[in-house]
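Trainee: sequence? don't have it. structure:
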């Protein structure tokens, strides 16, 4: 029995290595690929109020699960931006399998260079540094009222419009992009005390 358990542990370890082989590093890649758990995917899309009129962009889209779920379960359209071609191919295959390839698109692109203007919702599962690096791009390219949702990491001094705890250790944050200064309230920096 002990040998069977050991063989099973080895198999799981080896299959994990093989599934992510070639998916961990690439020039310009800021974050190692780690799939967003499905309960978190749904929590992110629900917190953002995603619906049929939305265009969801997922930056660092990996296997495409957020964009595919947005299309299949929420009726939205979506675009996944992923720097690793192997993951883009996997996401496209997953979209075909889910029957949503007509409502989603996956691009092999650098998230810092991608045009985000069509997005009404942007989802992130990155790290603090890429989140901060994206802030000026999100503010300048997204229309007022667009939503940004991040799993685990906040946006430093941006005060979230909403926060949801999926469970004791997993949080999702939501921000709405404000109108230009003087027009309406929106994302405000936290006061430093």
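Mentor: It's in. If you're wondering where the values come from, they're calculated on a predicted model, not measured in any experiment. Residues are numbered from 1 along each chain as shown.
Trainee: pretty sure residue 57 is in a strand, no?
Mentor: Yes. Read with DSSP: H, G, I helix; E, B strand; the rest coil, residue 57 is one of the residues of a strand.
Trainee: That one touches residue 81, doesn't it?
Mentor: Yes. With contact defined as CB atoms under 8 Å, residue 57 reaches residue 81; the gap is 6.5 Å. For every residue, glycine as well, the C-beta is placed using N, CA and C.
Trainee: and these two? which has more neighbours close in?
Mentor: Using other CB atoms under 10 Å as the criterion, residue 57 and residue 81 rank with residue 57 on top: 30 against 25.
Trainee: That one and residue 137, how far apart?
Mentor: Distance of residue 57 to residue 137, given as CB to CB, to the nearest Å: 11 Å.
Trainee: Spit out the residues that contact the two alike.
Mentor: Residues within reach of residue 57 and of residue 137 at once, by CB atoms under 8 Å, 6 or more residues apart in numbering, are residue 116.
Trainee: any common contacting residues for residue 57 and residue 81?
Mentor: residue 114.
Trainee: just for the protein, where's the confidence low?
Mentor: 1-31, 181-193 (pLDDT under 70).
Trainee: tally of neighbours for the residue nearest to residue 144 when sequence neighbours are not counted?
Mentor: Among residues not flanking residue 144 along the chain, residue 179 sits closest, at 4.1 Å (CB to CB, 6 or more residues apart in numbering). By the criterion of other CB under 10 Å, residue 179 has 13 neighbours.
Trainee: ok, residue 179 touching residue 146?
Mentor: No. With contacts counted by CB under 8 Å, residue 179 stays clear of residue 146, the gap being 11.1 Å.
Trainee: between the two, what contacts are shared?
Mentor: What both residue 179 and residue 146 touch, as defined by CB under 8 Å, 6+ apart, is an empty set.
Trainee: and the residue nearest to residue 144, how far is that from residue 116?
Mentor: 17 Å.
Trainee: any idea where the helices of this protein begin and end?
Mentor: All helices of the chain, identified by DSSP state H, fall at 2-20, 38-47, 65-74, 85-98, 128-141.
Trainee: winner for burial among those helices?
Mentor: helix 65-74 (a mean of 24; mean count of other CB atoms under 10 Å).
Trainee: Now do it: everything it contacts.
Mentor: Helix 65-74 is contacted from outside by 35-36, 38, 41-42, 44-45, 50-52, 54, 56-58, 61, 76-80, 91, 94-95, 98-100, 103-104, 106, 121, 123, using CB under 8 Å, 6+ apart.
Trainee: Mind doing that once more with 7 Å?
Mentor: Residues outside helix 65-74 that contact it (CB atoms under 7 Å, 6 or more residues apart in numbering): 35-36, 38, 41-42, 44-45, 50-51, 56, 58, 61, 76-80, 94-95, 98, 100, 103-104, 123.
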